[in-house]
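Student: Build the 3D model from these lines:
(chains A and B)
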Amino acid sequence: QVQLQESGPGLVKPSETLSLTCSVSGASITSYYWTWVRQPPGKGLEWIGFFYYSGSPNYSPSLQSRVTISVDTSKNEVSLKLRSVTAADTAIYYCARQSMGPVAGTGYYFDSWGQGTLVTVSS
Amino acid sequence: DIQMTQSPSSLSASVGDRVTITCRASQSIGAYLNWYQQKPGKAPKFLIYGASTLDSGVPSRFSGSGSGTEFTLTISSLQPDDFATYHCQQSHSFPWTFGPGTKVDIK
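Tutor: Below you'll find the model as predicted:
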């Protein structure tokens, strides 16, 4: 059974870079797509982007200029970097495995999630 | 971007009630619609993909339907474990987007 665990600083200063790591066990990082989703406290979910180790990442246009998602196959980890953060980036950040249904026309979905990590942007 | 809306934003129900949540997309998304359940302080849990296919292990009291722009999540007989917030999400077009969520609480 796949397990995901996010880690990283819980407090980041404005204008600095938010860096998180998602450690994956029970599945090879090279066999799936991996995505990041965030949720501001008390608000809804926002997709940040995904990465597949042999392809190009895909980012939300609203964050594309500031975000980088990458994988470390030697450590079976997925990383998220978000530059020039502001208070609006305060959120719980989740990593998730992205899978595709076996039937055409059903698309991708996020079938396993980490527990999430709260990142607060404040000086 | 495709905008997702949900109605109601919240509802109160009793154990045993039939509950229906509606999710609408701002443009046609075929069946590229997923549902998640989220309890307070927890990560979302995947329930349904392709508008109507239950993930493995999801109780059969959950069902999903719809296509195009209107979708529903139905819980046929609400159980104590089902009190949570439910999110829909489209995977038809980038950026993938979520609905604002529907909170189901105890009447």
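Student: out of everything not next to it in sequence, what's closest to residue 23?
Tutor: This is for chain A. A:Gln5 (4.8 Å; C-beta to C-beta, 6 or more residues apart in numbering or on different chains). Bear in mind the C-beta positions are built from the backbone N, C-alpha and C, glycine included.
Student: ah, I was thinking of chain B
Tutor: B:Cys23's closest residue in space is B:Cys88 (C-beta to C-beta, 6+ apart), at 3.6 Å.
Student: distance between stretch A:62-78 and the chain's centre?
Tutor: Stretch A:62-78 has its C-alpha centroid displaced from the chain centroid by 7 Å (C-alpha atoms, centre = their mean, to the nearest Å).
Student: Show me which positions of that stretch end up buried.
Tutor: A:Leu63, A:Arg66, A:Val67, A:Thr68, A:Ile69, A:Val71, A:Asn76, A:Glu77, A:Val78 (16 or more other C-beta atoms under 10 Å in any protein chain shown).
Student: Which residue lies nearest the spatial centre of the chain?
Tutor: Defaulting to chain A. A:Trp36 (2.2 Å; C-alpha atoms, centre = their mean).
Student: Chain B was what I was after
Tutor: B:Trp35 (4.1 Å).
Student: and the closest residue to B:Ser60 other than its chain neighbours, bridged to which residues?
Tutor: Nearest residue to B:Ser60, sequence neighbours excluded (C-beta to C-beta, 6+ apart): B:Leu54, at 7.3 Å. Beta-bridge partners for B:Leu54, by DSSP bridges, are B:Ile48.
Student: about what we covered before: burial check on the residue nearest to A:Ser23, number of neighbours?
Tutor: Using other C-beta atoms under 10 Å in any protein chain shown, A:Gln5 has 14 other residues around it.
Student: check contacts around A:His118.
Tutor: Not His; residue A:118 is Leu. Residues near A:Leu118 by C-beta atoms under 8 Å, 6 or more residues apart in numbering or on different chains: A:Gly10, A:Pro41, A:Ala91, A:Ile92, A:Tyr93.
Student: With respect to chain B, which of the residues you listed is nearest?
Tutor: Chain B lies nearest to A:Ile92 out of those, by C-beta to the nearest C-beta, at 8.5 Å.
Student: Spatially nearest residue to the closest one (excluding sequence neighbours)?
Tutor: For A:Ile92, the spatially nearest residue (C-beta to C-beta, 6+ apart) is A:Gly116, at 4.4 Å.
Student: cool, A:Ile48 as well?
Tutor: Nearest non-adjacent residue to A:Ile48 (C-beta to C-beta, 6+ apart): A:Trp36, at 4.1 Å.
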